[in-house]
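# need a 3D model of the following:
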Amino acid sequence: MADNVAFGRRSITTEEYFTPGHRACIGCAEALAVRLVCKALGQNVIITMATGCMEIVSSPLPWTTWKVPWMHTLFDNTAAVASGISAGIKAKERKGRGFGKKVNVVAMAGDGGTADIGLQALSGALERGHDMLYVCFDNEAYMNTGIQRSSLTPFGASTTTAPAGKESIGQITWKKNMPAITAAHNIPYVATACPAYPFDLIDKVKKGAEIKGPAYIHILSPCPIGWRCAPEIAVNISRIAVQAGIFPLYEIENGRYKLNVNPPKLKPVEEYLKLQGRFRHLTAETIQQIQERVEREYAELKQKVDAQKP
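From the prediction side, this is the model:
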């Protein structure tokens, strides 16, 4: 029987379903996020995971970090495999051969496996309405294969395939809005989360798993190697991203928006950018351009929240 450790009025299980001993880099916020997600899900779960950092570090044969049913899929078909698992569970239940309890089907992938290579399978799974939770661990590039840009790499970041130089600022496109894309499928639940707010993350994972139908959670997962930051500040960087409005924490439940963390005043984006070597080349003019974009998008999000207040 797992114990719970109290944090004020909250508690968290001491049971580890994503166990120590994996080979993630020092300071990897994604490994922490996976650990928190698994604590929220518990043992009644089947997880399918795309190729990526977490798959590589957690499953070097003959060892595994996972204490729950888990399988590795290709980059492009994580959501499709989860769809099949969900459909298989329903078929067993129709035949009276179910598990006798709810088993949560969970798909996990990084930003590349979600917003790029896996987008088609994800869109299809959401459109069909499969009872599953999809979790994107967003470290904003293809980190496992050498820090190549993805469509979730932020504007101005330097990567190996979009490097900063005399004629380039690095990434020249703005980050794709995956929560908005998934919400456009009219699914019951969409949320953003980050490891700097662990109880918010855990609550959202539990809610997404309990809701009938597809749910999507987008988790910011700082990568010290790819972001070129000190390992010990990775979690704090995700906190500043929230407080600066760069990565707001919110939910969309049955079409209704709720802002979970709303700072009285947003921190300057420069406070976030200056901690990361991938942005060190940016000029004051470009930083101001990013600042204006962040403020505009944050204001638009707040308008959606305020429009639904009684």
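# in contact with residue 294, which residues?
By Cβ atoms under 8 Å, 6 or more residues apart in numbering, the contact set of residue 294 is 244, 245, 246, 266, 269. Where you see a C-beta, it was placed from the backbone N, CA and C, and this is true even at glycine.
# repeat that for 10 Å
244, 245, 246, 247, 248, 266, 268, 269, 272 (Cβ atoms under 10 Å, 6 or more residues apart in numbering).
# of those, closest to residue 236?
residue 272 (10.2 Å; Cβ to Cβ).
# what about the closest one, which SS state?
helix (DSSP: H, G, I helix; E, B strand; the rest coil).
# got a list of what it touches?
Contacts for residue 272 (Cβ under 10 Å, 6+ apart) come out as 237-247, 279, 290, 294.
# narrow those to those in helices?
237, 238, 239, 240, 241, 242, 243, 290, 294 (DSSP state H).
# could you single out the nearest of those residues to residue 58?
Among the ones in helices among the contacts of residue 272, and counting by Cβ to Cβ, the member closest to residue 58 is residue 238, at 20.8 Å.
# that older thread, let me know the closest of the contacts of residue 272 to residue 130.
residue 247 (27.1 Å).
# leaving aside the residues adjacent along the chain, what's closest to the closest one?
With sequence-adjacent residues excluded and distances taken as Cβ to Cβ, 6 or more residues apart in numbering, residue 247 is closest to residue 241, at 4.1 Å.
# residues near that neighbour, how many?
Look at residue 241: counted by other Cβ atoms under 10 Å, it has 22 neighbours.
# wait, it touches residue 194, no?
Yes. When contacts are counted by Cβ atoms under 10 Å, residue 241 is listed as touching residue 194 (7.0 Å).
# which residues are common contacts for those two?
With Cβ under 10 Å, 6+ apart, residue 241 and residue 194 have common neighbours 220, 222, 247, 249.
# just the buried members of those?
Applying 16 or more other Cβ atoms under 10 Å to these, the neighbour count classes 220, 222, 247, 249 as buried.
# using a markdown table, lay out these together with pLDDT.
Formatted as a markdown table, these follow (pLDDT from 0 to 100):
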| residue | pLDDT |
| --- | --- |
| 220 | 98 |
| 222 | 98 |
| 247 | 98 |
| 249 | 98 |
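# in strands, which of the residues you listed fall?
Here DSSP state E is the test, and these give residue 220 as lying in strands.
# which two from the buried ones among the shared contacts of residue 241 and residue 194 end up farthest apart in space?
It's 222 and 249 that sit farthest apart of these, by Cβ to Cβ, at 14.9 Å.
# and the spatially most central residue of the chain, what is it in contact with?
Of all residues in the chain, the one closest to the mean position by Cα atoms, centre = their mean is residue 219, 2.3 Å from it. Residues in contact with residue 219, defined by Cβ under 10 Å, 6+ apart, are 29-30, 33-34, 36-37, 108, 135-139, 191-195, 201, 204-205, 238, 247.
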